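**Q** Give me a model of this one.
(one chain, ligands or ions: 1)
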Amino acid sequence: MSVTISIKHALKKYGENVIIPDLNLDIKEGEFFTLLGPSGCGKTTLLRMIAGFNSIEGGDFYFSDRRINDLDPAKRNIGMVFQNYAIFPHMTVRKNVEFGLKNKKLPKAEIASKTDEFMKLMQIDQYADRLPERLSGGQQQRVALARALCIQPDVLLFDEPLSNLDAKLRVEMRTVIKNIQHSVNITTVYVTHDQEEAMAVSDRIAVMKDGVIQHVGTPKNIYQRPANLFVSTFIGRSNVMNAKLVVEGGRTYLLTQKGHRAEIQNVMDQYRQNQDVIMSVRPEEFLLTQDATVDGIDGVVDDCVFLGLNTHYFVHLDSGEEVEIIQESSIDSIIRPGTHIKLQLNTEKVNVFTADGSANILTGVCNDCAAS
Ligand SMILES: Nc1ncnc2c1ncn2[C@@H]1O[C@H](COP(=O)(O)OP(=O)(O)OP(=O)(O)O)[C@@H](O)[C@H]1O
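**A** Residues are numbered from 1 along each chain as shown. Got it, this is the predicted structure:
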């Protein structure tokens with residue numbers, strides 16, 4: 001049976017160092033939930049608190065209605081696939097998979113049938129009698145996954161499970177993990193620092209920094225309406241520029257450094273006032289034209305990189321700012337370095353933050369964090 005995970009006011013310290021000051025989080029039943037953030041932000045620490053391997057200095061952890069703070073890790077019914085939680089090298093694939101079932105002291109026939117079932121599910125049944133050293137990295141992770149799944153856990157925990165694999169296998173294995181998770185529907189917490197991996201597998205993502213959750217939302221919401229400047233620059237690429245918000249006659253405009261003005265509709269009421277802001281634009285969201293009569297931001301192409309489907313332009317704006325623009329490639333319209341161009345802002349696609357970067361001032365930020 002799958003469970004919800006609820007974390008209320010979690011506090012974690014190592015000695016005097018506060019790693020997680022006050023964290024609140026609600027994970028839904030059957031959800032694929034990812035903790036994403038830069039190295040050292042506390043993802044593994046939080047995962048290990050959920051697993052029961054780390055002490056909890058404050059707060060409450062629940063699996064559904066059951067408080068688990070003092071529950072022994074072995075009694076939490078958790079399946080784990082950790083980067084350094086390697087499968088046993090001296091045991092065959094079959095013995096590795098049946099390990100958890102033996103610990104549960106299930107009848108022999110049930111152990112054999114469940115082991116077969118999960119080796120088949122993970123497509124490793126043909127290697128049942130091999131030792132792990134004769135398997136590829138991807139196959140070894142399939143063994144780890146089969147071992148985690150066959151005990152029918154309430155919760156699955158993954159800590160950077162793909163980081164030892166090469167790029168191609170990482171992409172293949174993340175699809176395997178996502179599909180298996182959806183078919184077994186077990187509440188899953190997945191730790192990674194790779195934002196593309198997080199976007200590819202997750203139902204929802206929590207972006208963390210310094211032990212504090214910055215934004216909880218679907219991959220699409222986090223990408224399109226990041227809650228603050230940190231999230232905007234950590235997830236995907238963003239061009240960040242200084243701008244001013246100008247309110248005139250009931251209308252709101254974004255004024256860029258060289259005086260270009262574009263009307264913006266979706267500013268939250270409490271922020272609708274003249275103020276310095278930071279504007280962030282995804283490289284694919286600029287409209288770039290060579291038409292000098294268009295009302296746009298002036299710049300000169302410094303470099304262009306043709307990458308097949310897309311062409312990347314590096315543009316020097318008259319304000320001194322540098323931006324990257326991605327356009328779909330078209331054989332006859334590659335713009336050469338040195339060309340004067342105009343950039344138009346699609347104000348529905350830009351994000352605008354307070355001058356300190358701490359908040360997105362546009363509507364549409366959906367922060368599902370319990371603490372917010
Ligand atoms: N056993 C420990 N004793 C003291 N400090 C620790 C211990 N484990 C982790 N830390 C510190 O806690 C902070 C968070 O570490 P944690 O491993 O949770 O980060 P992370 O986000 O998972 O990073 P990474 O992606 O590099 O694994 C780091 O500053 C780390 O140095």
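**Q** quick one: the helices in the stretch 51-200 of the chain?
**A** 93-103, 108-121, 137-150, 167-184, 195-201 (DSSP state H, counting those that start in this stretch).
**Q** Packing partners of the third one?
**A** So that's helix 137-150. strand 78-82, helix 93-103, helix 108-121, helix 167-184 (3 or more Cβ pairs under 8 Å, 6 or more residues apart in numbering; DSSP states H and E). C-beta here means a position set from N, CA and C on the backbone, and glycine is covered the same way.
**Q** residues from the stretch 51-200 of the chain in reach of the ligand?
**A** His193 (Cβ under 6 Å from any ligand atom).
**Q** Show the low-confidence segments of the stretch 51-200 of the chain, by residue range.
**A** Applying pLDDT under 70 to the stretch 51-200 of the chain flags residues 84-86.
**Q** on that earlier part again, kindly reformat the helices and strands packed on helix 137-150 as TSV containing mean neighbour count.
**A** Formatted as TSV, those follow (neighbours: other Cβ atoms under 10 Å):
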stretch	mean neighbour count
strand 78-82	21
helix 93-103	21
helix 108-121	16
helix 167-184	16
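**Q** rewinding a little: any chance of the helices of the stretch 51-200 of the chain in TSV, plus distance to Thr252?
**A** Listed next are the helices of the stretch 51-200 of the chain as TSV, based on distance: least, Cβ to Cβ, whole Å:
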stretch	distance to Thr252
helix 93-103	58
helix 108-121	54
helix 137-150	50
helix 167-184	40
helix 195-201	31
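**Q** picking that back up, could you dump the helices and strands packed on helix 137-150 into a markdown table with distance to Val305 added?
**A** Below are the helices and strands packed on helix 137-150 laid out as a markdown table (distance: least, Cβ to Cβ, whole Å):
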| stretch | distance to Val305 |
| --- | --- |
| strand 78-82 | 37 |
| helix 93-103 | 45 |
| helix 108-121 | 43 |
| helix 167-184 | 20 |
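**Q** Over to Val246. Which of the three states is it?
**A** When classified by DSSP: H, G, I helix; E, B strand; the rest coil, Val246 comes out as strand.
**Q** isn't it right up against Arg261?
**A** Yes: between Val246 and Arg261 there is a contact under Cβ atoms under 8 Å: 7.4 Å.
**Q** what residues do these two have in common as contacts?
**A** Taking Cβ atoms under 8 Å, 6 or more residues apart in numbering as the contact rule, Val246 and Arg261 both touch Tyr253, Leu254, Leu255.
**Q** Confirm for me that the last one is in contact with Met241.
**A** In this case it means Leu255. No: if you go by Cβ under 8 Å, Leu255 and Met241 don't touch, sitting 11.1 Å apart.
**Q** So for these two, which residue has more residues nearby?
**A** Neighbour count, other Cβ atoms under 10 Å: between Leu255 and Met241, Met241 has more, with 21 against 16.
**Q** And the closest residue to Asp276 other than its chain neighbours, how far from Gln275?
**A** Closest residue to Asp276 apart from its sequence neighbours, by Cβ to Cβ, 6 or more residues apart in numbering: Ala355 at 4.4 Å. Per Cβ to Cβ, to the nearest Å, Ala355 is found 7 Å from Gln275.
**Q** Find residues that contact each of these two.
**A** With Cβ under 8 Å, 6+ apart, Ala355 and Gln275 have no common neighbours.
**Q** before we move on, back to that, which ones are touching the residue nearest to Asp276?
**A** With Cβ under 8 Å, 6+ apart, Ala355 has these contacts: Gln275, Asp276, Val277, Ile278.
**Q** Which residues are in contact with the residue lying closest to the first one once chain neighbours are set aside?
**A** Yep, that's Gln275 we're talking about. The shortest distance from Gln275 to any residue other than its chain neighbours is 5.2 Å, reached at Leu245 (Cβ to Cβ, 6+ apart). Leu245 makes contact with 252-255, 264, 267, 271-277, 352, 361 under the criterion Cβ under 8 Å, 6+ apart.
**Q** same thing with Val184?
**A** Applying Cβ under 8 Å, 6+ apart, we find Val184 in contact with Leu149.
**Q** Next one: it from Gly79, what distance?
**A** 10 Å.
**Q** Name all residues that sit in contact with the two at the same time.
**A** Leu149.
**Q** what's the domain layout of the protein?
**A** 5-229, 230-354 (automatic domain parsing).
**Q** what's the closest of those to Asp368?
**A** domain 5-229 (4.5 Å; Cβ to Cβ).
**Q** Distance across the closest one, terminal residue to terminal residue?
**A** Terminal residues of domain 5-229 are spaced 28 Å apart (Cα to Cα, to the nearest Å).
**Q** starting at the chain centroid, how far to it?
**A** 14 Å (Cα atoms, centre = their mean, to the nearest Å).
**Q** Is the host helix or strand of Ala10 in proximity to the ligand?
**A** Using DSSP states H and E, Ala10 sits in strand 5-14. Yes: contact of strand 5-14 with the ligand (Cβ under 6 Å from any ligand atom) involves Tyr14.
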